[in-house]
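3D, please:
(2 chains)
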Amino acid sequence: MNDSSKPDGRRQFIKKISTGSMLTISGLSIYSASSCNTNSDDKTTVMTPEGKLVQVPTSEIQELEHEHPASPKESRKGIPGKKFVMVVDLAKCKNARKCINACDKHHKLTPDRPYIKVLEMQDNEKSSPYWMPKKCFQCDNPPCVKVCPVGATFKRTDGIVLVDNERCIGCRFCMAACPYSARIFNWKEPPEEGNQAYSPETSVPSKIGTVGKCDFCPDMLRKGKLPHCVPACPNGVIYFGDEIDDSVTNGEETLRFSTLLKDKAGYRYMEDLGTKPRVYYLPPVDRIFPFEKTKKETTES
Amino acid sequence: MKNPIAKAQTYKSKKEEDLLKHMVSTSKSYKIWVAFLLIVILFGIYAYYRQIRYGLIVTAMRDYTSWGIYISNFVFYVAISLVGSLFSCILKLNKNKWADPLARISEIIAVAAIACATVIIIVDMGRPERLVYVFKYLRIQSPIIWDVIIINTYLSISLLLLYVSLLPDIALCRDRLTEIPKWKKRMYRFWSINWVNHPKQFSMLKKASRILALLVLPIAFAIHTITSWLFATTWRPGWDSTNLGPYFVSGAFMAGAGVIIVAMYIIRKQLKLHDYITNAHFDNMGKLLVLLSLVYLYFNINEYLGPSFKMVGVEGEHINELFIGKYAPMYWFVQLGGLVIPILLMFFKMFRKPLPIFIISLFVVIGAWLKRYLIVIPSLQHPYLPIQDVDESYLHYVPTWEEWAITCASFASMLFIITILIKLFPVIPVNEKDTQTEPGTN
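Below is the predicted model:
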């Protein structure tokens, strides 16, 4: 009984295993609520990618096939009971740039305005350089949100900072305020991006004269999936998860968030600014790859 | 040609004739000047049309240097506008009688500058059509909103100050200028709101202008302090400073005084007002400019000494860039040519004569604009995280012709407003209470 961490740990474990199913259920309920009068007996004939005609329940079609991004109003709320975190293991990054490619692809970004950058860092003259993947830190004390005059950028209950580009007036104060240069601006008309309905959760389509940035892919999170950059990384550099569950995963291994930070001396970039980032770094010790600067890696896709 | 019209008016004294005659006769050079301003403005409108059509990509601003000369212009105009309060409040309340003839000029410049500040900040917006969101979704936490509120307040008070001091003169125009177009007559009659030079009216006016004079000083300090907070509330090197408020305010008073000297020199020459704007005015303005420059010099030393002594991280890089890097020529031109040398020269009486002090003031004003360039742009080029992996155009900032065209157009608009106001109203107060014969109203 003295060991108070034990029941807590068990509860969290239960929570952890049920997370996946919980998300699917809540995801389902969202979609069925939004579609009118779905009868579970209803069946619809659809064509599979192989060309076969099959009958499936109507509800399932909506769940799997329908893109139903959250509206700007819904996007402000956040996913209940979640506090998303990211851990980037600098020891594993070799600048493969697959995270950037995946992010650019899914957010329909051109190379001149990436949400993710992999920076060459060197802490001092004697220390060896390392690669640092950098995205929006989704700060808990976000300078960008504080300065926005119209509330176009906002902090959600699940920790994510989003931009509503239908409200952004393009004053770029948030870009001046962000100490991490995480934000990009759409200086010109973005190339044609299809006719997908806009949602701050997908950040697609980008709009001229407004700001954009890494959004932790809340549309994926709502489906119980990982942000695009996480599974894209060939070296499992990026871990993503929920602080409340105390678990993070890179798609291959799932680790306890607090233990990972404790064991590997996790830190946040420029902690002294007091912005309280939700992205943690593990120091570049015992590296798997030697530091190599090859121009090829930048162009290889 | 113009003499008959000028003579046809019913002036009662030489002073009235001297100060009103430019309003009824239009010289050829005046027409050329107005046409020139309009051409510059039209060209700027064309550049802005391109910016609207293609986006801010037509500027040299990119993700790191995300604010450019539009913001420099904005800070400059806000700075210039402070000069209205210098004359209407500080000098007036301190009973500096000599400065009275200059009060009108300063108030006109204040109104023109603050109007241009509001326009240029809208030009900087990526989505100007969403301007109404600033009021619809207003978030009081944002320093931009503080600035919006204070600028509108200051614009209103500046307009009121100008109008209140103009009122007796508008009535004078209504009474004296008989041979003028109908619309002008109607305008003077409308704006003079039944002013009849009654002692009671004068005492009410005196009270009103006193209240406004007391009101305008804190607002003027607030407007530029809040503008400095747009920068000071971020972590950028050169902006992240507690010194920024007084540094901006003192710089603004210096720039404003410089602008007044330039303006009074040109106005005196063009309108032949040598009897009203005398050499003594230039001498006094020179002394005032020295004082204001010394205060600014003090805050400049404060602003740069600490960081350049410590040379911490990006702050040190920023200082290096200014002192010995690519911005060094501009930086030293501003500090020496726009501040130190003018101070040293103006200590001597011979340099406070009209022409020398006009030239010195031009340097002060150019230096003040460049200073705002140096405040806005180099800071943005030194973020905490290195700038890597970006297009070449992201590394430098050289304003494009569109930015220059719009900047020139905004200057032309300011001069245009000043030109028109001077044409419509007496630039030196004519109808003052002490020239009236009504003793015992003090």
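
quick one: contacts for residue B:287?
Residue B:287 makes contact with B:346, B:352, according to C-beta atoms under 8 Å, 6 or more residues apart in numbering or on different chains. For the C-beta atoms, the positions are set from N, CA and C on the backbone; glycine is no exception.

what does residue B:303 give?
By C-beta under 8 Å, 6+ apart, residue B:303 lies in contact with B:241, B:243-244, B:247.

one more time with 7 Å
B:241, B:243, B:247 (C-beta atoms under 7 Å, 6 or more residues apart in numbering or on different chains).

Tell me the helix or strand right after the one helix or strand the last one maps to.
Meaning residue B:247. Residue B:247 belongs to helix B:244-271 when assigned by DSSP states H and E. The helix or strand immediately downstream of helix B:244-271 is helix B:279-310, counting by DSSP H and E.

residues from chain B in reach of chain A?
B:54-57, B:62-64, B:66-67, B:125-127, B:130, B:133-134, B:137, B:139, B:141-145, B:233-236, B:380, B:383-386, B:388-389, B:391 (C-beta under 7 Å from any C-beta of the partner chain).

Just the buried ones from these?
Buried residues within the residues of chain B next to chain A, defined by neighbour count using 16 or more other C-beta atoms under 10 Å in any protein chain shown: B:55-57, B:62-64, B:66-67, B:125-127, B:130, B:133-134, B:137, B:139, B:142-145, B:233-236, B:380, B:383-385.

thinking again about what came up before, give me the angle between the helix holding residue B:247 and helix B:279-310.
Orientation check (axes from the mean of the first three to the mean of the last three C-alpha atoms, to 10 degrees): helix B:244-271 against helix B:279-310 gives 150 degrees.

In the stretch 251-400 of chain B, what residue comes closest to chain A?
Closest residue of the stretch 251-400 of chain B to chain A, C-beta to the nearest C-beta: residue B:383 (4.7 Å).

what sits against that residue?
So, once contact is read as C-beta under 7 Å, 6+ apart, residue B:383 ends up touching A:181, B:64.

hmm, 8 Å instead?
Neighbour list for residue B:383: A:179-181, B:64, B:236, B:314 [criterion: C-beta under 8 Å, 6+ apart].

And for residue B:408?
Counting by C-beta under 8 Å, 6+ apart, residue B:408 has contacts B:40, B:43-44.

Run a quick neighbour tally on residue A:192.
Neighbours of residue A:192 under the rule other C-beta atoms under 10 Å in any protein chain shown: 8.

Point me to the helix or strand that includes residue B:120.
Residue B:120 belongs to helix B:100-123, assigned by DSSP H and E.

roughly how far is that helix from the heart of the chain?
Offset of helix B:100-123 from its chain centre (C-alpha atoms, centre = their mean, to the nearest Å): 5 Å.

okay if I get the contacts of residue B:408 as JSON lines plus distance to residue B:260 and pLDDT?
JSON lines is the format used below for the contacts of residue B:408 (distance: C-beta to C-beta, whole Å; pLDDT from 0 to 100):
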{"residue": "B:40", "distance to residue B:260": "23", "pLDDT": "98"}
{"residue": "B:43", "distance to residue B:260": "28", "pLDDT": "97"}
{"residue": "B:44", "distance to residue B:260": "25", "pLDDT": "97"}
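
Mind putting these into a markdown table with secondary structure and neighbour count?
Shown next, in a markdown table, are the contacts of residue B:408 (DSSP: H, G, I helix; E, B strand; the rest coil; neighbours: other C-beta atoms under 10 Å in any protein chain shown):
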| residue | secondary structure | neighbour count |
| --- | --- | --- |
| B:40 | helix | 19 |
| B:43 | helix | 16 |
| B:44 | helix | 22 |
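
now, which of the residues you listed sits nearest chain A?
residue B:44 (19.4 Å).

what about the helices in the stretch 201-301 of chain A?
In the stretch 201-301 of chain A, the helices defined using DSSP state H, counting those that start in this stretch lie at A:218-222, A:229-232, A:257-263, A:295-299.

Figure out which of the ones you listed is closest to chain B.
Chain B sits nearest to helix A:295-299 of all the helices of the stretch 201-301 of chain A, at 7.4 Å, using C-beta to the nearest C-beta.

Relative to chain A, how far out is the closest residue to residue B:208 other than its chain neighbours?
Take residue B:208 and drop its neighbours on the chain: the residue closest to it by C-beta to C-beta, 6 or more residues apart in numbering or on different chains is residue B:164, 5.5 Å away. Counting by C-beta to the nearest C-beta, to the nearest Å, the separation of residue B:164 from chain A is 32 Å.

In what element of secondary structure is residue B:50 found?
In the assignment (DSSP H and E), residue B:50 maps to helix B:28-54.

Now do the contacts for residue A:175.
So residue A:175 contacts A:144, A:181, A:183, A:185, A:211, B:63, B:66 (C-beta under 8 Å, 6+ apart).

Residue B:126 is in contact with the fourth one, correct?
Yes. Under the criterion of C-beta atoms under 8 Å, residue A:185 is in contact with residue B:126, at a separation of 7.0 Å.

Identify the contacts common to those two.
A:170, A:172, A:210, B:56.

ok, back up a step: turn the contacts of residue B:383 into TSV, including pLDDT and secondary structure.
Shown next, in TSV, are the contacts of residue B:383 (pLDDT from 0 to 100; DSSP: H, G, I helix; E, B strand; the rest coil):
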residue	pLDDT	secondary structure
A:179	95	coil
A:180	95	coil
A:181	94	coil
B:64	92	coil
B:236	93	coil
B:314	92	helix
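
quick one: which of those residues is nearest residue A:133?
Closest to residue A:133 out of the contacts of residue B:383 is residue A:180 (12.4 Å), distances taken as C-beta to C-beta.

separation between residue A:175 and residue B:313?
Relative to residue B:313, residue A:175 is positioned 20 Å away (C-beta to C-beta, to the nearest Å).

now chain B, which segments are flagged as low pLDDT?
Along chain B, segments meeting pLDDT under 70 span B:1-8, B:433-442.

and if we set it to 80?
Along chain B, segments meeting pLDDT under 80 span B:1-10, B:432-442.

In it, which residue sits nearest chain A?
Closest approach of chain B to chain A (C-beta to the nearest C-beta) occurs at residue B:126, with a separation of 2.0 Å.

Doesn't that residue belong to a strand?
No. Using DSSP: H, G, I helix; E, B strand; the rest coil, the assignment for residue B:126 is coil, not a strand.

Do I have it right that it meets residue A:207?
No. Assessed by C-beta under 8 Å, residue B:126 is found out of contact with residue A:207, at 9.1 Å.

Just the ones in strands from the contacts of residue A:175, please.
A:185, A:211 (DSSP state E).

ok, which pair from the contacts of residue A:175 is furthest apart?
A:144 and B:63 (13.9 Å).

Mutual contacts of the two, please.
Residues touching both residue A:144 and residue B:63 (C-beta under 8 Å, 6+ apart) are A:175, A:183.

what's around residue A:80, how many residues?
For residue A:80, using other C-beta under 10 Å, the count is 8.

need the contact list for it.
Residues counted as contacts of residue A:80 (C-beta under 8 Å, 6+ apart) are A:157-158.

roughly how far apart are it and chain B?
To chain B, residue A:80 is 25 Å away according to C-beta to the nearest C-beta.

Quick check: pLDDT value at that residue.
Per-residue confidence (pLDDT) for residue A:80: 94.

now stretch B:316-334: how far from the chain's centre is it?
Using C-alpha atoms, centre = their mean, the offset of stretch B:316-334 from its chain centre is 26 Å.

tell me which residues in it are buried?
B:317-319, B:321-322, B:327, B:330-331, B:333-334.

what are the ranges of the strands in the stretch 151-300 of chain A?
Ranges of strands within the stretch 151-300 of chain A are A:153-155, A:161-163, A:184-185, A:211-212, A:238-242, A:247-249, A:254-256, A:279-282, based on DSSP state E, counting those that start in this stretch.
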